[in-house]
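S.K.: test case, fold it:
(one chain, ligands or ions: 2)
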Amino acid sequence: MGDESVLGGQTEAMKAVVYAGYGETPTLAEVAEPLCEADGVVIAVRATGVCRSDWHAWNGHDPVPLPHTPGHELAGVIAEVGADVTRWQVGDRVTVPFVCGCGVCEYCVAGDAQVCPDQTQPGFTGPGPSPSGSRSARRT
Ligand SMILES: [Zn+2]
Ligand SMILES: [Zn+2]
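M.R.: Ligands and ions are numbered 1, 2, ... in the order given. A predicted model of the protein is given here:
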């Protein structure tokens, strides 16, 4: 895919595995680096997996935004912290749950983020992580 930026509107690029359509062969492409939102962090991904859930998304059984970077099982280090983040700092080693609650609704406050109506899922509601030290934006 050359140096074409396929995700987001930021100017800096990084490498990520991307597929353009369901069932199409994934390629290594240049994508825009994620922006760090005020209530989020950017994770420098050090390892990620791709599992059968990602296979279902790739086949269109679980619709995802296209083009898409698969994966939701990641570990890495926080590379950037948003201005409103108080509990995390650059250098913290982290992973991310499959279901990421909003953190502020009644379900999240009660500890039930798995039923948050505003939940996100890395690799499904947005791009997943990529290997080789790429970055992934996450809300805290
Ligand atoms: Zn999985
Ligand atoms: Zn919530």
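
S.K.: what's the neighbour count on Val99?
M.R.: 16 (other CB atoms under 10 Å). (C-beta placed from N, C-alpha, C; glycine too.)

S.K.: one more: Thr69?
M.R.: For Thr69, using other CB under 10 Å, the count is 26.

S.K.: spatially, what comes nearest to it if we skip its sequence neighbours?
M.R.: Nearest non-adjacent residue to Thr69, counting by CB to CB, 6 or more residues apart in numbering: Pro127, 4.0 Å away.

S.K.: got the buried residues for whichever strand or helix holds Tyr107?
M.R.: In this assignment (DSSP states H and E), Tyr107 forms part of helix 106-109. The neighbour-count check on helix 106-109 (16 or more other CB atoms under 10 Å) flags Tyr107, Cys108 as buried.

S.K.: so what touches that helix?
M.R.: Gly101, Cys102, Ala113, Val115, Cys116, Pro117 (CB atoms under 8 Å, 6 or more residues apart in numbering).

S.K.: which one (most neighbours) among those residues?
M.R.: Using other CB under 10 Å as the neighbour test, the contacts of helix 106-109 are led by Gly101, with 21 neighbours.

S.K.: mind checking how far that one is from Arg87?
M.R.: Gly101 sits 15 Å away from Arg87, going by CB to CB, to the nearest Å.
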